[in-house]
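**Student:** All I have is the shape, not the residue letters:
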């Protein structure tokens, strides 16, 4: 085993054999020059080949950079972790590489944390593995010629708080396997592509994309992904917030603001679910390019005006029932008070249903509002429909289920949302 500290100049490939650990101390600067031995995978540029263990940083920032007087992207090859190799990379900057970090079927633990990768000619990170598990936390990628994070193979990958901007290809491109990506910023990626894609989820991908922010171009491109949950993300100033081209994505609870198009649906399969999303200042709500109906219910389209919503849908879309309130405004589970009360004529019964109640009751639940007499006998049903959060009111004209005037006395309105019950008393006078 060996430890490097202070400034280090690399003039040929560094190979860490299996069973050997190289530790590069926190605060070191490693400069790469052309490969004087013309060896390794890249005969012109120096690189680090990891078959053993490479452990970097943990304190002050460690820097991997070009040794050129005028550094440029692609000056050195990068760090390559090969089968059975292991990488622990913390508090580091990797810059001016060709493909900065490539991990090929590494079967030991790999941790990348608090790392900045910038000014790269190719991919910032390419992970291609079918075994093991991989965690990357607070990784910043910027000014990357190709893809920011290219993730292939079946091994599960967890990405926490990434900051990815100005990549030539997608900021993140996943093909196959599990992915969890949370708390990230994806800004203006896909610069060298027509679609300007921030995140691309390919065939067989499943997992969760949550609490991220996407800006510019296409936010997320679902291209044959499996059951991946895209939820609680913010899409702002995008051309298209989300493109769904085949796959089975769940698209729930996202906010889309100041964008040209919210959802574009292509291919032969549709999202499994598109609900409880919030749109604000979006020109085209859904662009359905398929021959089938798109089901997108329980969403806030920025207005409760049916005609305005319908006019901004292209293709066949079933968008009713829709939310009649902005989910950012808190709506509680409540009923009444009815007015006027007591009453000799019609009485209005207001009620509200929050998003939390729909979550507890189930997405396919039914909500009803019935009138009962004081001993619980059924009098009349005033409302029945699919459970949808919103602000409602119904009117009881004083008639029972047979169309006869109800007798004077005490009644109560029962609101039932998938088994969740609320009551409001009513006093009817002659």
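**Tutor:** Structure's in. What do you need? Source: prediction; values computed, not measured.
**Student:** quick one, helices of the stretch 251-400 of the chain?
**Tutor:** 306-311, 355-361 (DSSP state H, counting those that start in this stretch).
**Student:** Surely residue 352 touches residue 388?
**Tutor:** No: contact criterion CB atoms under 8 Å: residue 352 and residue 388 do not qualify, at 11.4 Å. All C-beta spots, glycine's among them, are computed from the backbone N, C-alpha and C.
**Student:** Looking at the two, which is more packed in?
**Tutor:** Taking other CB atoms under 10 Å, residue 352 and residue 388 do not tie; residue 388 has more neighbours (22 against 19).
**Student:** Give me the neighbour count for the closest residue to the more buried one other than its chain neighbours.
**Tutor:** What sits nearest to residue 388 in space, not counting adjacent residues and going by CB to CB, 6 or more residues apart in numbering, is residue 321, at 4.4 Å. Residue 321: 15 surrounding residues under other CB under 10 Å.
**Student:** wait, doesn't residue 321 sit right on residue 386?
**Tutor:** Yes: using CB under 8 Å, residue 321 makes contact with residue 386 at a distance of 5.8 Å.
**Student:** which residues are in contact with both of the two?
**Tutor:** Taking CB atoms under 8 Å, 6 or more residues apart in numbering as the contact rule, the neighbours common to residue 321 and residue 386 are residue 297.
**Student:** Stretch 294-307 - what's its average pLDDT?
**Tutor:** Throughout stretch 294-307, pLDDT has a mean value of 93.
**Student:** can you pull the buried residues of that stretch?
**Tutor:** Buried residues in stretch 294-307, counted by 16 or more other CB atoms under 10 Å: 294, 296-302.
**Student:** Residue 388: what's it in contact with?
**Tutor:** Listed by CB under 8 Å, 6+ apart, the contact set of residue 388 reads 297-298, 321-323, 353, 358, 367.
**Student:** From the opening residue of stretch 41-53 to its closing one, how far?
**Tutor:** Stretch 41-53 stretches 19 Å from its first residue to its last (CA to CA, to the nearest Å).
**Student:** contact partners of that stretch?
**Tutor:** By CB under 8 Å, 6+ apart, the residues outside stretch 41-53 that reach it are 10-22, 32-35, 38, 40, 54, 74-88, 98, 108.
**Student:** mind listing what's buried in it?
**Tutor:** 42, 45-53.
**Student:** now for those, which pair is the farthest apart?
**Tutor:** Comparing all pairs in those by CB to CB, the longest separation belongs to 45 and 53, at 23.1 Å.
**Student:** Residue 237 and residue 215 touch, don't they?
**Tutor:** Yes: if you go by CB under 8 Å, residue 237 and residue 215 touch, sitting 5.3 Å apart.
**Student:** okay, those two: which has more neighbours?
**Tutor:** Taking other CB under 10 Å, residue 237 and residue 215 do not tie; residue 215 has more neighbours (19 against 16).
**Student:** I'd guessed that one sits against residue 238; true?
**Tutor:** Yes: at 6.8 Å, residue 215 counts as touching residue 238 under the criterion of CB under 8 Å.
**Student:** and stretch 114-133, average pLDDT?
**Tutor:** Summarised as a single mean, pLDDT over stretch 114-133 is 93.
**Student:** Quote the end-to-end distance of it.
**Tutor:** End-to-end distance of stretch 114-133 (CA to CA): 18 Å.
**Student:** Can you mark which positions in that stretch are buried?
**Tutor:** If you call a residue buried by 16+ other CB under 10 Å, then stretch 114-133 has these buried ones: 114-127, 129, 132.
**Student:** how near is residue 400 to residue 237?
**Tutor:** 55 Å (CB to CB, to the nearest Å).
**Student:** Likewise for residue 227?
**Tutor:** Residue 227 is 29 Å from residue 237, where distance means CB to CB.
**Student:** follow-up on the earlier one: including distance to residue 327, could the helices of the stretch 251-400 of the chain go into CSV?
**Tutor:** Shown next, in CSV, are these (distance: least, CB to CB, whole Å):
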stretch, distance to residue 327
helix 306-311, 16
helix 355-361, 6
